[in-house]
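*Asks:* Prediction below, plus the sequence it came from.
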Amino acid sequence: MENTPKAAFSGYQKLVIFLLAITQFTIILDFMVMSPLGDILMKSLNLKPANFGIAVSAYAFSAGISGLLTAGFADKFDRKKLLLFFYIGFIIGTICCGLAHTYVLLVAARIITGLFGGVIGSISMAIITDIFSLQQRGRVMGFIQIGFGASQVLGIPIGLYLADIWGWEAPFWMIAALSIGIALIIAAKLRPLTQHLLVQTDKSAIKHLLHTVAKADYRIGFTATALLSIGGFMMMPFGSAFAVNNLKLTPQQLPLLFMVSGICALIIMPLVGKLSDKIDKFKIFAAASIWMMIMCVVYTSLGPTPFYLVIFYNILMMMGVMSRMIPSSALTSAIPDMADRGAFMSINSSLQQIAGGVAAGVAGLIVTQPNKGAPLQNYNVVGYLIVIISVIGILLMSRVSSLAKSKAKTNTVIPADEPVLHEIA
């Protein structure tokens, strides 16, 4: 058991959690809504599946590149201003998606959205690390990650509903309108976050980036994150195709499957967040990883399966996936020093995005389909590969846990109820 008592949230901390959670919801929803729009988009723009795949991956790779390019600047500015700048850029990109009426314009709009949206998660992580102690971060991560589950619960049904009525552009307009309101609240309510500027030593962005990458402890965190992302993303691209062609679900059952999984995530994440602040975070991560490995092997080996059993297996698998995300994020957030948090989180987020793209590519080389509508082959090989990657991930996360415990004694957290210093002249 962790010795530090559970720390309560102040009123301002609760506001920050809400703002970051709803911001994360819009970012994830923007990414998730592309999947259910696939059929409508391909018909409306006369796209082949490969073309649609490029439109989807354009976001991930541009987000990863953006994170690396901005990592050196991430600790040079007030985090509030940085969050607003990139969130406004994300809104502009989403509006461009709604205005795009050709394939080229859609890909360009997705690249713009990824360039800005891909950095917001890392900025949020830096804000969390500045404002919340390590003993609070498990619960915070639980609430922030609710955006993932909520996007599945709301994103797919709402996206399909609006697209059926007003066309595929409608979901992007809805996301843009919601995001504009959130940006106004952030501008009005979030306090400036400039404490990290007091301990800056690097004079240029490039030096700061190289300085961050050069630290051995940081590289352990980066590698652990990349491995977790590869393991997590390998099954995702072919999840729907496997469900329809192998498990014999109907296309009409897929939205309900995603919705139930999302509701499960909404319930699990806060519970795991609270638990990870009471019990050793690495123990929760290791147990969740082992559970996920078992369920991945079981699920990827299934043949035709009744719908209720598919839902049951998905819930069990989701329990493992979600339960390892929260403690791993909390542990990784404790590694960087205050002066490097923004750069560390940007690089970490970039590697997460790029690793996801690599995972999808590797899975595409493994999984085959003899002909259209035939069952996928070698999907179980992906499950076994996830097991190998997850075992290595557990070993790396053990090292991250040791680093987090030693850094927790020295990292500075801004008192939530004290005035935050304004930008240094």
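*Replies:* Yep, that arrived.

*Asks:* I figured I95 hits M174, correct?
*Replies:* No. Between I95 and M174 there is no contact under Cβ atoms under 8 Å: 11.4 Å. Using the backbone N, CA and C atoms, a C-beta is placed for each residue, glycine as well.

*Asks:* packing partners for the host helix or strand of T94?
*Replies:* Using DSSP states H and E, T94 falls within helix 79-99. Judged by 3 or more Cβ pairs under 8 Å, 6 or more residues apart in numbering; DSSP states H and E, helix 79-99 is in contact with helix 11-32, helix 103-131, helix 170-189.

*Asks:* what's the angle from that helix to helix 103-131?
*Replies:* Put simply, helix 79-99 runs at 160 degrees to helix 103-131, going by axes from the mean of the first three to the mean of the last three Cα atoms, to 10 degrees.

*Asks:* quick check: mean pLDDT across helix 79-99?
*Replies:* Mean pLDDT, computed over helix 79-99, is 91.

*Asks:* shaky segments in the stretch 301-425 of the chain?
*Replies:* 339, 341-342, 372-373, 408-425 (pLDDT under 70).

*Asks:* which residues of it fall in helices?
*Replies:* 307-333, 341-366, 379-407 (DSSP state H, counting those that start in this stretch).

*Asks:* Turn those into CSV, including mean neighbour count and distance to A226.
*Replies:* As requested, the helices of the stretch 301-425 of the chain are exported to CSV (neighbours: other Cβ atoms under 10 Å; distance: least, Cβ to Cβ, whole Å):
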stretch, mean neighbour count, distance to A226
helix 307-333, 21, 11
helix 341-366, 23, 4
helix 379-407, 18, 9
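
*Asks:* among the ones you listed, which is nearest S122?
*Replies:* Proximity to S122 (Cβ to Cβ) singles out helix 341-366 among the helices of the stretch 301-425 of the chain, at 3.7 Å.

*Asks:* Nearest to A334 among the helices and strands packed on helix 79-99 would be which one?
*Replies:* That would be helix 103-131 among the helices and strands packed on helix 79-99, by Cβ to Cβ, at 7.5 Å.

*Asks:* Show me what the following helix or strand past that closest one packs onto, helices and strands only.
*Replies:* Proceeding N to C from helix 103-131, the next assigned helix or strand is helix 134-144, under DSSP H and E. When contacts are defined as 3+ Cβ pairs under 8 Å, 6+ apart, helix 134-144 packs onto helix 11-32, helix 103-131, helix 254-276, helix 307-333.

*Asks:* picking that back up, adding distance to L41, write the helices of the stretch 301-425 of the chain out as JSON lines.
*Replies:* As requested, the helices of the stretch 301-425 of the chain are exported to JSON lines (distance: least, Cβ to Cβ, whole Å):
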{"stretch": "helix 307-333", "distance to L41": "25"}
{"stretch": "helix 341-366", "distance to L41": "18"}
{"stretch": "helix 379-407", "distance to L41": "25"}
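
*Asks:* between the ones you listed, which gets nearest to L106?
*Replies:* Nearest of those (Cβ to Cβ): helix 341-366, 18.1 Å.

*Asks:* Determine which stretch of the helices and strands packed on helix 79-99 is the most buried.
*Replies:* helix 103-131 (a mean of 23; mean count of other Cβ atoms under 10 Å).

*Asks:* Tell me the pLDDT of P237.
*Replies:* At P237, the pLDDT value in this model is 64.

*Asks:* The one 10 residues further on too?
*Replies:* Looking at L247, its pLDDT reads 91.

*Asks:* And G221, by the same measure?
*Replies:* For G221, the pLDDT comes out at 84.

*Asks:* Which residue, other than its chain neighbours, is closest to it?
*Replies:* I335 (4.5 Å; Cβ to Cβ, 6 or more residues apart in numbering).
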